[in-house]
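*Asks:* Turn this into a structure:
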Amino acid sequence: MQQDNVSRARELINRYPEVFESLLEFERTKRIPKLYRRKRLNITIDENTLRDFKSYCKSKNSNMSRFLETKMAEALKAGSSK
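*Replies:* Model prediction:
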């Protein structure tokens, strides 16, 4: 029973290391850090495509960054399942 708990704890630490790093940071500083940070990108996109994409997101009331983030995650998931 105890061995099952230890193996499960190790599995969770390996799957979500950022959560446990945040807990260690809290122990050290007594402040809760942000778990999921976002990173600004500097990319080049065709002007016409960007204009059409902005219009599309506005008409769908969608956030462009969230939309791209979702599509990137889907591409990664599809690539890893092959």
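*Asks:* Of all the residues in stretch 65-77, which ones are buried?
*Replies:* Neighbour counts using 16 or more other CB atoms under 10 Å place no residue of stretch 65-77 among the buried ones. Bear in mind the C-beta positions are built from the backbone N, C-alpha and C, glycine included.
*Asks:* how distant is that stretch from the center of its chain?
*Replies:* 9 Å (CA atoms, centre = their mean, to the nearest Å).
*Asks:* so where's the protein uncertain?
*Replies:* For the chain, the stretches with pLDDT under 70 are 1, 35-36, 82.
*Asks:* The protein - how does it break down into domains?
*Replies:* Taking automatic domain parsing as the domain assignment, the ranges for the chain are 1-37, 47-81.
*Asks:* So residue 74 versus residue 80, what's the distance?
*Replies:* Remark: distance between residue 74 and residue 80 (CB to CB, to the nearest Å) = 11 Å.
*Asks:* got it, and residue 9?
*Replies:* 25 Å.
*Asks:* Give the helix, strand or coil label for residue 4.
*Replies:* helix (DSSP: H, G, I helix; E, B strand; the rest coil).
*Asks:* just to revisit the earlier point, between residue 9 and residue 80, who's got more neighbours?
*Replies:* Higher neighbour count among residue 9 and residue 80: residue 9, with 11 against 7, using other CB atoms under 10 Å.
*Asks:* element containing the more buried one, please.
*Replies:* Using DSSP states H and E, residue 9 sits within helix 2-15.
*Asks:* ok, which stretches of the chain are helices?
*Replies:* 2-15, 17-29, 47-59, 64-81 (DSSP state H).
*Asks:* Alpha carbons only: can I get the last one in PDB?
*Replies:* Extracted in PDB, the C-alpha atoms of helix 64-81 (Å, rounded to 0.1, in the frame of the first residue of the first chain):
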ATOM      1  CA  MET A  64      -5.900  35.200 -31.200                       C
ATOM      2  CA  SER A  65      -3.200  34.000 -28.700                       C
ATOM      3  CA  ARG A  66      -5.500  31.400 -27.100                       C
ATOM      4  CA  PHE A  67      -6.600  30.200 -30.600                       C
ATOM      5  CA  LEU A  68      -3.000  29.700 -31.700                       C
ATOM      6  CA  GLU A  69      -2.000  28.100 -28.400                       C
ATOM      7  CA  THR A  70      -4.800  25.600 -28.800                       C
ATOM      8  CA  LYS A  71      -3.800  24.800 -32.400                       C
ATOM      9  CA  MET A  72      -0.200  24.400 -31.400                       C
ATOM     10  CA  ALA A  73      -1.100  22.000 -28.600                       C
ATOM     11  CA  GLU A  74      -3.300  20.000 -31.100                       C
ATOM     12  CA  ALA A  75      -0.400  19.800 -33.600                       C
ATOM     13  CA  LEU A  76       1.900  18.500 -30.900                       C
ATOM     14  CA  LYS A  77      -0.600  16.000 -29.700                       C
ATOM     15  CA  ALA A  78      -1.200  14.700 -33.200                       C
ATOM     16  CA  GLY A  79       2.500  14.600 -33.900                       C
ATOM     17  CA  SER A  80       3.200  12.600 -30.800                       C
ATOM     18  CA  SER A  81       0.400  10.000 -31.400                       C
END
